[in-house]
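# Fold the following.
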Amino acid sequence: MAIDKPQVHRPGVFKQSNKPHKHGRHRSKGSISIAAKGKVSVKSISKKQKVKLTREQRRHQAVQIRRNKRDEVLSKKRSLGGLSSAPFLVCVLPLTQDFDPAPTILKLTKCDSQSIVNISPSGVIHISIPKFKQRYAIVKPSVDNNFAILDTMKIANTVLFVISAESGINYGSDPIDSWGMNLLLACFSQGLPTPVVAIADLENIPTKKRSGQKQVIQKHVNKWFPDEKVIALEKEGDELNLLRKIGNQKQKSVTYRDRRPHLYSENVEFQKNEGSEVGTLKISGYLRGAPLSVNNLVHIAGLGTYQLSQIDAPGDPYGSEQEKDTGTDNVEVRVLEVEDPIKQESLESENVSDPMDAEQTWPTEEEINEAEQEQKLKKVKRVPKGWSSYQAAWIPDDDTEFISDNSDEDSDNNYVDAMSDEKSEYSDAEDNMDTVTESDIPINDQQYDNELDLATEQADLEKLKAAKSDLVFPDEIDTPQDIPAKVRFQKYRGLESFRTSPWDPKENLPRDYARIFQFQNFDRTRKRVMKDLKDKEGALPGWYITLHVKKVSETMWNSAFTSTQSPVVVFGLLPHENKMSVMNVVLKRTNILDEPLKSKERLIFQCGYRRFIVNPIFSQHTNGNKHKFERFFQPETTAVASFFAPIQFPPSPVLCYKEVNGSLVLVATGNILSCNPNRIITKRVVLSGHLFKVHKKSAVVRFMFFNRDDIVYFKPCKLRTKYGRTGHIKEPLGTHGHMKCVFDGQIKSQDTVLLNLYKRVFPKWTYEECIATCSDNHNDNSMDL
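Presented below is the predicted three-dimensional model:
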């Protein structure tokens with residue numbers, strides 16, 4: 001017997017569907033699992049499963065993290081100043097130019113009867129104290145050489161500032177004079193290592209005045225070092241306590257220095273190659289910072305960038321007495337690494353560009369024959385009187401006439417030869433037209449510059465006037481009346497919006513941009529380079545090594561170091577840091593010099609470990625992809641300087657100097673912003689017009705242009721007023737520069753109409769290495785390049 005299935009009603013298309021009841025509760029886990037029907041989310045599968053730790057496991061994990069951090073701090077502390085590591089490098093500096101800290105250094109060498117004192121050939125004083133199991137290397141740069149002080153501060157672990165207690169009592173200067181203030185400003189801007197402040201010569205003042213003098217000096221020091229306590233060197237054991245503090249205090253890190261290998265020379269030897277003017281420079285010293293490979297490039301401050309041929313590991317000549325007793329002086333020099341020509345980085349800093357590197361097709365025989373025939377003919381164009389050969393080149397070839405080279409000059413008196421208009425001897429009086437021919441002769445700029453003979457005072461006065469005018473009326477210029485505005489501003493363009501209007505960064509680049517290098521993503525490359533530093537191989541920090549720097553010029557070596565006795569400071573370069581590119585640095589003006597700095601003015605820059613001379617251009621430090629060009633870097637402002645220079649990865653401090661009356665003045669400080677050739681720097685020109693007639697939203701404007709053609713040419717550009725109205729040109733009125741304009745609101749009669757035009761500007765290739773000696777004699781710096 002068959003079983004009849006129940007009939008189920010199937011709802012049709014028009015079945016009514018009521019809203020579900022809003023019970024106000026969220027979906028339960030059961031309802032969600034029923035709706036999912038066993039499906040699992042892709043995110044939950046690919047997501048890393050977190051293992052839930054128990055309370056005991058979390059406690060053990062915290063203990064392990066704490067132990068690892070402690071071990072890391074201890075290993076970092078033991079890697080410096082120990083008997084088997086690099087000593088503490090202490091730079092001793094006075095804060096008054098007339099004070100000599102040599103007696104203080106002498107007391108430090110005699111503070112302990114068991115101390116071992118050695119002096120290296122370069123003048124570094126090594127002090128080894130067995131009871132502390134620590135070593136110190138004391139350096140005293142010359143106060144007459146500012147660059148030598150800055151170079152020493154780059155390498156030093158601790159800087160000891162010594163102040164004379166006699167200042168203000170036996171002689172009238174303050175504890176920190178103007179020279180000391182400028183020195184502190186440069187040191188803070190460059191990156192100050194761990195500071196220590198000490199007072200000397202307390203025994204030369206009366207006993208009753210010592211306490212008050214300490215308080216006066218402490219008050220001056222707190223302005224620069226709020227948390228630093230001054231150490232008085234008046235008792236017998238104060239010098240030993242000073243060394244104990246230097247060895248036990250927490251070391252301050254300088255990021256750009258610690259990421260790169262660096263070395264302060266203990267001994268330098270130059271070996272000249274036979275039959276050549278170059279030789280090998282052997283620099284010995286303690287390696288600090290990061291490991292150094294022989295295939296990497298090194299930069300010697302004041303000398304340049306070079307390659308290494310070999311790295312040796314001689315015995316430490318300033319080690320403890322136990323190491324010397326074992327006979328380390330007679331041990332042979334161990335060669336750590338020899339250069340590999342395949343892996344060694346190249347010294348090429350510029351990209352070799354091919355001007356013919358473009359898509360070309362080989363011309364046919366017919367095209368070659370036509371070109372030869374055209375070369376036999378002289379191209380003559382009819383142009384208005386007063387036009388130059390450059391303007392004549394824009395006339396279409398339809399109006400061009402060709403005459404043979406061997407034709408008689410008197411056959412056509414209405415045309416002239418292919419020279420300039422000024423040398424033309426013929427003119428067409430009927431239609432006031434001249435004829436010129438195309439010429440490739442450039443304008444003689446050198447002759448034009450030689451004719452300019454202006455006094456220095458007059459130039460400075462004009463510069464100050466222009467800076468004040470630019471500050472009050474930024475970018476405003478008068479429309480010339482002797483030349484059409486569309487010719488004068490033919491390289492400029494109008495923008496609907498400075499922030500959002502597009503601008504191709506690869507458009508009309510100068511030829512110098514073919515010589516530089518550019519990263520596809522600079523930030524990603526910087527992260528990759530910093531990550532690779534952890535796995536770097538080579539000589540390790542703390543070793544006493546000898547660097548063989550090859551192909552060093554003997555003349556440059558003698559002029560930069562032999563005659564000046566400047567310290568030799570070596571920095572190892574990171575990958576790509578010898579390639580040329582466009583560097584952008586953020587600068588802030590100092591209060592030392594109140595004069596404005598003009599763009600493309602010759603300045604001396606110190607970017608991290610490198611020092612060079614460039615002519616930068618300044619721009620505003622703003623967001624967006626376009627930045628307005630600044631004609632002057634005004635005092636108490638911030639700007640971005642752009643120039644061609646070798647690549648350097650941030651963070652790195654920047655110091656900017658200017659030569660004023662033979663002395664170097666610190667005019668700005670800052671940091672490296674980026675290495676970006678695509679930074680668009682636009683120069684703005686503002687044309688102003690005055691209201692002639694006003695009727696509600698429309699007005700007649702004059703004195704912005706002086707002919708009808710210019711008004712028609714600039715008609716698509718957007719207008720704005722000083723009171724915030726925007727508008728556009730509707731039509732020209734007459735032929736003398738009057739035009740009818742329409743705005744978005746009521747125009748006031750005292751308003752001024754403005755037209756903004758923009759042009760991209762590029763830095764000039766003016767980079768040169770700063771191989772200089774900077775001597776300072778009583779606030780009178782002199783520099784020889």
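
# Residue 123 belongs to a helix?
No. Judged by DSSP: H, G, I helix; E, B strand; the rest coil, residue 123 forms no part of a helix; its state is coil.

# Neighbours of it, how many?
By other Cβ atoms under 10 Å, 13 other residues sit near residue 123. In short, each C-beta sits where N, CA and C put it, glycine included.

# ok, now residue 668?
As a burial measure, residue 668 scores 28 neighbours (other Cβ under 10 Å).

# is it in a bridge, and if so with what?
residue 589, residue 656 (DSSP bridges).

# Please look at it and residue 592 and confirm they touch.
No. At 9.7 Å, residue 668 does not count as touching residue 592 under the criterion of Cβ atoms under 8 Å.

# name the helices or strands packed onto the strand or helix carrying residue 182?
Applying DSSP states H and E as the criterion places residue 182 in helix 178-190. Helices and strands touching helix 178-190, by 3 or more Cβ pairs under 8 Å, 6 or more residues apart in numbering; DSSP states H and E, are helix 146-155, strand 653-660, strand 663-675.

# The last one: how far from the chain's middle?
Right, the one you point to is strand 663-675. Offset of strand 663-675 from its chain centre (Cα atoms, centre = their mean, to the nearest Å): 8 Å.

# elements contacting it?
helix 178-190, strand 580-589, strand 603-607, strand 653-660, strand 781-784.

# Recalculate using a threshold of 7 Å.
helix 178-190, strand 580-589, strand 653-660, strand 781-784 (3 or more Cβ pairs under 7 Å, 6 or more residues apart in numbering; DSSP states H and E).

# now the lengthiest helix in the chain: how far from the chain's centre is it?
Ranked by residue count and defined by DSSP state H, the top helix of the chain is helix 55-78. On the basis of Cα atoms, centre = their mean, helix 55-78 sits 39 Å off its chain's mean C-alpha point.

# Residue 15: helix or strand, and which one exactly?
Counting by DSSP H and E, residue 15 is part of no helix or strand.

# And the helix holding residue 182, what's buried?
Within helix 178-190, the residues that qualify as buried by neighbour count (16 or more other Cβ atoms under 10 Å) are 179, 180, 182, 183, 184, 185, 186, 187, 189, 190.

# can you check stretch 482-490 too?
484, 485, 486, 489.

# With secondary structure and pLDDT added, can I get the residues you listed in TSV?
Below are the buried residues of stretch 482-490 laid out as TSV (DSSP: H, G, I helix; E, B strand; the rest coil; pLDDT from 0 to 100):
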residue	secondary structure	pLDDT
484	coil	89
485	helix	89
486	helix	89
489	coil	90
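
# To residue 562, which of the helices and strands packed on strand 663-675 lies closest?
strand 781-784 (14.2 Å; Cβ to Cβ).

# what about that closest one, average pLDDT?
Averaging pLDDT along strand 781-784 gives 40.

# now do stretch 591-598
Per-region confidence: stretch 591-598 scores 88 on mean pLDDT.

# Name the SS class of the residue nearest to residue 363 when sequence neighbours are not counted, please.
Of all residues not flanking residue 363 in the chain, residue 371 sits nearest, at 7.6 Å (Cβ to Cβ, 6 or more residues apart in numbering). Three-state assignment for residue 371 (three-state DSSP): helix.

# Can you read off the pLDDT for residue 371?
pLDDT, residue 371: 77.

# quick revisit: for the longest helix of the chain, which positions count as buried?
Buried-residue list, helix 55-78, by 16+ other Cβ under 10 Å: empty.

# my read: residue 336 touches residue 308, true?
No. Using Cβ atoms under 7 Å, residue 336 is not in contact with residue 308; the gap is 10.9 Å.
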